[in-house]
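# Structural data only, the sequence is not supplied:
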């Protein structure tokens, strides 16, 4: 989450510290560590002249550390009493940013919100201040989302100045509360669970809730119109997601609720732990079975298949029967024309629907040689395009690579007269020359494998080990439409680049 930024004008700084213009002038000379003025970050929508401002967090934190202004500074950064009166738990509170617990302490009521979203402390403090503060809260703490020195890191916003957030120490809050404070891992911050907590109660065992991805996959896995093999594949992925979420929750507890910090005794206790009575669920089935299941889902037409396939693309694309998404403009007379002429128009499948990525499509096709889904976008903006999945491999049939043509992607021509988009794994991208961050080694690795076996299923995990000569060739600036013959590719592969 982090501490949100706030800025104060000179007048607002004077009001915070209770000084006039002369007093401000005196402070600058008296305190070397008084924060210096700065400028607000540039705002495109505010073209006014930059004004002199102070960082609110810096000034508020500085004031708390001075004798003169401590009573006007950040509440939880002021010197703590040496022997504070024992605090006590006041109970659960619903807030505008989620569940919270109130603690009565020597300095007043501290409300700890179990949320790590940005500005959570400010939003809750503002709501309390605007509604009369009937509970007498002096400051609000929210989770930072990271570890601090004595427990989970905290962000605080005082009721007196809600817009100004600052970092607070978990150990200080625990000392004021007089006991170790409860903390819930992200996936178990459920209002019902936090509401039921009481000091000294047995740690709650809670089932980690399913996320949207798991629910969608399980819905597909119980749909009778979907093939049993595909149901198995969807269940396997759903189980993997659940196992990962349970493991992550357990790891969070190990990190945030360890026994003490250095010489400091334990200041944090787990409010809940995940239910592991059925953990782990069976997953990691045989790859060929899972791939077969996802292949059948890809050609299905049920909306559940579409939703499941969208998740698989993001979670484990290596299980799917196609490679990287590629888009090229519709350009008559180019190399792509030879390929598109053989495409067969068809009704859309789940793979087509996912390929569309939520945008409009004019027509759907299938490549009869590679079975790759293809679509054509309408010319709504004046630019039609072909969008397709790169194949994972090419049909060989005794043919060999004849040449490579570079036109918006890498194209392969074969000795038996066919044209194909070059195969590519789902998470890579083929380019050449100055690719604005793209590397030519992927294209070099693909061509290196196809030169030896046109039907090879390309492997790009170590594309940086592609022959240096081929990589150098693809690193050159080639014009769109440039053709590299088999002879030139073989020559480049056996010829390492010369160094001066």
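Cool, the structure landed. Because the structure is predicted, anything quoted here is derived from the model rather than measured. Numbering: from 1, shown residues only.

# For residue 365, pull up the helix or strand it's in.
strand 363-366 (DSSP states H and E).

# mind listing what that strand pairs with, with the direction of each?
strand 344-345 (antiparallel), strand 373-377 (antiparallel) (DSSP bridges).

# Residues in contact with the last one: which ones?
Contact with strand 373-377 is made by 298, 322, 330, 340, 343, 348-349, 351-352, 355-356, 359-367, 384-389, as judged by Cβ atoms under 8 Å, 6 or more residues apart in numbering. No exception for glycine: its C-beta is placed from N, CA and C like everyone else's.

# Just the buried ones from the residues you listed, in PyMOL syntax?
Selection of buried members from the contacts of strand 373-377 for PyMOL, criterion 16 or more other Cβ atoms under 10 Å:
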select buried, resi 298+322+340+343+348+349+351+352+355+356+361+364+365+366+367+385+386+387+388+389
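
# Could you list which of the contacts of strand 373-377 belong to strands?
Mapping the contacts of strand 373-377 onto strands (DSSP state E) picks out 363, 364, 365, 366, 385, 386, 387, 388, 389.

# Which of those sits closest to residue 193?
Ranked by distance to residue 193 (Cβ to Cβ), the ones in strands among the contacts of strand 373-377 are led by residue 389 at 43.2 Å.

# List the residues that contact the closest one.
322, 323, 324, 325, 326, 351, 355, 372, 373, 374.

# Work out the gap between stretch 9-29 and the centre of the chain.
In terms of Cα atoms, centre = their mean, to the nearest Å, the centre of stretch 9-29 is found 43 Å from the chain centre.

# Tabulate the ones in strands among the contacts of strand 373-377 (a markdown table), appending pLDDT and distance to residue 162.
As requested, the ones in strands among the contacts of strand 373-377 are arranged in a markdown table below (pLDDT from 0 to 100; distance: Cβ to Cβ, whole Å):
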| residue | pLDDT | distance to residue 162 |
| --- | --- | --- |
| 363 | 96 | 56 |
| 364 | 98 | 54 |
| 365 | 98 | 58 |
| 366 | 98 | 59 |
| 385 | 94 | 50 |
| 386 | 96 | 54 |
| 387 | 96 | 49 |
| 388 | 97 | 53 |
| 389 | 97 | 51 |
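
# before we move on, back to that, who touches the strand holding residue 365?
For strand 363-366, contacts defined as Cβ under 8 Å, 6+ apart pick out 343, 344, 345, 346, 347, 348, 352, 372, 373, 374, 375, 376.

# same thing but at 7 Å, please
Strand 363-366 is contacted by residues 343, 344, 345, 346, 347, 348, 352, 373, 374, 375, 376 when judged by Cβ atoms under 7 Å, 6 or more residues apart in numbering.

# I'd like those residues as a markdown table, with distance to residue 220 appended.
Output for these, formatted as a markdown table (distance: Cβ to Cβ, whole Å):
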| residue | distance to residue 220 |
| --- | --- |
| 343 | 29 |
| 344 | 27 |
| 345 | 27 |
| 346 | 22 |
| 347 | 20 |
| 348 | 18 |
| 352 | 17 |
| 373 | 19 |
| 374 | 24 |
| 375 | 23 |
| 376 | 28 |
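
# buried subset of the residues you listed?
343, 348, 352, 373, 374, 375, 376.

# Could you pull up the contacting residues of the third one?
So the one you mean is residue 352. Applying Cβ under 7 Å, 6+ apart, we find residue 352 in contact with 364, 373, 375.

# for the second one, same thing?
The neighbourhood of residue 348, defined by Cβ under 7 Å, 6+ apart, consists of residue 364.

# Next, find the distance separating it from residue 404.
Going from residue 348 to residue 404 by Cβ to Cβ, to the nearest Å gives 31 Å.

# same deal with the fourth one?
Applying Cβ to Cβ, one obtains 23 Å for the distance of residue 373 from residue 404.

# Over to the last one?
Distance from residue 376 to residue 404, counting by Cβ to Cβ: 24 Å.

# Was I right to think residue 60 contacts residue 164?
Yes. At 4.9 Å, residue 60 counts as touching residue 164 under the criterion of Cβ atoms under 7 Å.

# Now for residue 105, how many residues are close by?
By the criterion of other Cβ atoms under 10 Å, residue 105 has 21 neighbours.

# which residues does it contact?
Here residue 105 is in contact with 84, 87, 176, 177 (Cβ under 7 Å, 6+ apart).

# where does the stretch 201-350 of the chain have low pLDDT?
Applying pLDDT under 70 to the stretch 201-350 of the chain flags residues 259-266.

# Tell me where it has strands.
Remark: strands assigned in the stretch 201-350 of the chain by DSSP state E, counting those that start in this stretch are 204-206, 268-270, 272-274, 325-329, 344-345.

# now do the stretch 1-150 of the chain
Using DSSP E, counting those that start in this stretch, strands in the stretch 1-150 of the chain cover 7-8, 38-39, 52-55, 88-95, 98-105, 108-113, 137-147.

# now those as TSV including distance to residue 432 and mean pLDDT?
Shown next, in TSV, are the strands of the stretch 1-150 of the chain (distance: least, Cβ to Cβ, whole Å; pLDDT from 0 to 100):
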stretch	distance to residue 432	mean pLDDT
strand 7-8	48	93
strand 38-39	44	82
strand 52-55	48	92
strand 88-95	55	96
strand 98-105	50	97
strand 108-113	53	98
strand 137-147	42	94
